[in-house]
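Novice: below is the structure, and that's it, no one-letter string:
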C-alpha cells in the first residue's frame, strides 16, 4: 500500500497494541512528521520570546534557542524508540512505570497540556488570517484552522503523517523565502544586532523555553512511531526524530527572534505580516495551515490520552474510531472556548503556560526514560498495560509517584516565573535552573529507589518459591 492509499484510510485502532502485520513506514517518516509539524506560527512566537520576554540581542537569542532545542530534543527523541518496540501510545506505556491508576496523574496533566497547545494554536491561526483582512473578526480564521485539524485527527495516524510530509516541503520553502525577503527586500534596522542587552537570566530563560518546547513533545512521540516496523531500530528512530524536531523548531524560532527585534513592539504575527509585505498572504496562509497540522497532532494525541484515561476507569472498554471522533470533537470544543477567552492576553498566558509545563513534564520524562532504558531495557509485558489490576505493574507504583512529586517539589525553589519566583531563583537574580535540577534529582533518585524495590520483590518471590518447595 502506498502513502496516498494509507493517508486516505480511516484508522480503526486507538490505544490498542498495533499488530506486527499492520506496521508500516520508515524512519524518514519520523523526520518529516516532526520537521513539518513544527514549521508554524506558534514556533515562531516561541522564538520571539527570546527577544521580547527575555530581552536578548539577536546573537545571544540564536545561541540560547539552538542550545535549548538541541538539549531538549535528546529527551524527546529517546521516547521515539519506544513506539516501534511496544506498539502502544506513550500514555499507555506510562502504566509500566506508574501503574494503571498511578499513571492517571500524568495522563490528566498531559490532557490539559494538549488543550492548552490547541487553544494557543487556534489563537495564532485566527490572528494570522485576520491580519490579511483587517477589521474582520478572528472567529472565521480560528474556525478554519480548527476544521482542518479535526478532519486529520478523526481520520487518524496516516493522514497526519501525510499532512506533515507535505508541509515539510511547503512550509520549509516558505520559511527560507520569508527570511530572505525580510533581509534583502524589506531590510533589517541598522541597529538590529545591537538591540537589547544580554543577561544570564535571559540566556537561561531562552534555553529553558526552547528545551521545554522539545520536552513537551515527549508524551507525543510514541503515538507517531508505534506503527513503525519493530525492526526500525533505536538509532534510526532516535536520529530521525531528533533532527526532524530540532531543525523544524530551531529554524522558525530564529525567524521569531528576527521578527521580534525588527518589527515594531506588539503583536508578533502582525509584525511578521508587516516585514513580509508583498508576500504576506502566502506566508501567513502557509504557516496557518502549519498550525492546523500541529493542532491535528494535538487533537489526535489528546484523544488517545483521554481514551487511555477512560479505559483505565473502564478496563473492559475497547475504544475504536467512533470513540476517537467523539473525543476529538469534545477536546476541540474545550480548546475553542479557551481560545476565545484567552486571545486578548495571549502572549502573557502562553508564557506562563509553557513555564508551567516545564515543571510537571521534566520529572515524568526522567522517570520514563530511566525505567525504559536503564531498568527494563525496553522489555515490558504489554498485555499487563490493559489489565484492570495493572498486571505485573500493579495499580500504583508508589516509587514512581513519590519521585514524580519530589521532582516537582525540588524544582520550586529554583522557579522564576511572573506568577512565582522561588527563593533560590530570587537569590540568583531570577535565573531559572529548575528543569536541570528536576532532571538531576528525579532520574538518579528513581533509578536507585526502583532498583531497591525490584530487588526486594525478587527476594520475596524467591522466598515464596522456597517455601512452596
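Specialist: Everything's here; your move. Treat the numbers as computed from the prediction; the structure is a model and nothing was measured. Numbering: from 1, shown residues only.
Novice: and residue 449, what element?
Specialist: Assigned by DSSP states H and E, residue 449 falls within helix 434-468.
Novice: quick one: low-confidence parts of this protein?
Specialist: Scanning the chain for pLDDT under 70 picks out 1-7, 135-136, 266, 343-355, 358, 457-469.
Novice: give me the most central residue, it.
Specialist: The centroid of the chain falls nearest to residue 217 when counting by C-alpha atoms, centre = their mean (2.4 Å).
Novice: and the gap between the closest residue to that residue other than its chain neighbours and residue 212?
Specialist: Counting by C-beta to C-beta, 6 or more residues apart in numbering, residue 217 lies nearest to residue 76, which is 4.7 Å off, once chain neighbours are set aside. For every residue, glycine as well, the C-beta is placed using N, CA and C. Counting by C-beta to C-beta, to the nearest Å, the gap from residue 76 to residue 212 is 11 Å.
Novice: and what of residue 154?
Specialist: Distance, residue 154 to residue 212, using C-beta to C-beta: 29 Å.
Novice: go on, residue 283?
Specialist: From residue 283 across to residue 212, the span is 26 Å (C-beta to C-beta).
Novice: repeat that for residue 130.
Specialist: Taking C-beta to C-beta as the measure, residue 130 falls 28 Å from residue 212.
Novice: can you check residue 203 too?
Specialist: Going from residue 203 to residue 212 by C-beta to C-beta gives 15 Å.
Novice: also residue 313?
Specialist: Distance from residue 313 to residue 212, by C-beta to C-beta: 30 Å.
Novice: comparing the two, which shows the higher neighbour count?
Specialist: For residue 313 versus residue 212, neighbours defined as other C-beta atoms under 10 Å are more numerous around residue 212 (22 against 10).
Novice: in which helix or strand does the more buried one reside?
Specialist: Assessed by DSSP H and E, residue 212 sits inside helix 200-215.
Novice: so what does that helix touch, helix or strand wise?
Specialist: helix 41-48, helix 58-78, helix 234-262, helix 346-369, helix 434-468 (3 or more C-beta pairs under 8 Å, 6 or more residues apart in numbering; DSSP states H and E).
Novice: now do 6 Å
Specialist: The contact analysis (3 or more C-beta pairs under 6 Å, 6 or more residues apart in numbering; DSSP states H and E) places helix 200-215 against helix 58-78, helix 346-369.
Novice: tabulate those (a markdown table), appending distance to residue 8 and mean neighbour count.
Specialist: Listed next are these as a markdown table, based on distance: least, C-beta to C-beta, whole Å; neighbours: other C-beta atoms under 10 Å:
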| stretch | distance to residue 8 | mean neighbour count |
| --- | --- | --- |
| helix 58-78 | 29 | 22 |
| helix 346-369 | 34 | 21 |
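Novice: go ahead and confirm residue 391 touches residue 380.
Specialist: No: if you go by C-beta atoms under 6 Å, residue 391 and residue 380 don't touch, sitting 9.9 Å apart.
Novice: which one of those two is surrounded by more residues?
Specialist: Set residue 391 next to residue 380 and count neighbours by other C-beta under 10 Å: residue 380 wins out with 22 against 18.
Novice: I figured the residue nearest to residue 217 was touching residue 214, is that so?
Specialist: Yes: assessed by C-beta under 6 Å, residue 76 is found in contact with residue 214 at 4.6 Å.
Novice: touching both of these two, which residues are there?
Specialist: Counting by C-beta atoms under 6 Å, 6 or more residues apart in numbering, residue 76 and residue 214 have no shared contacts at all.
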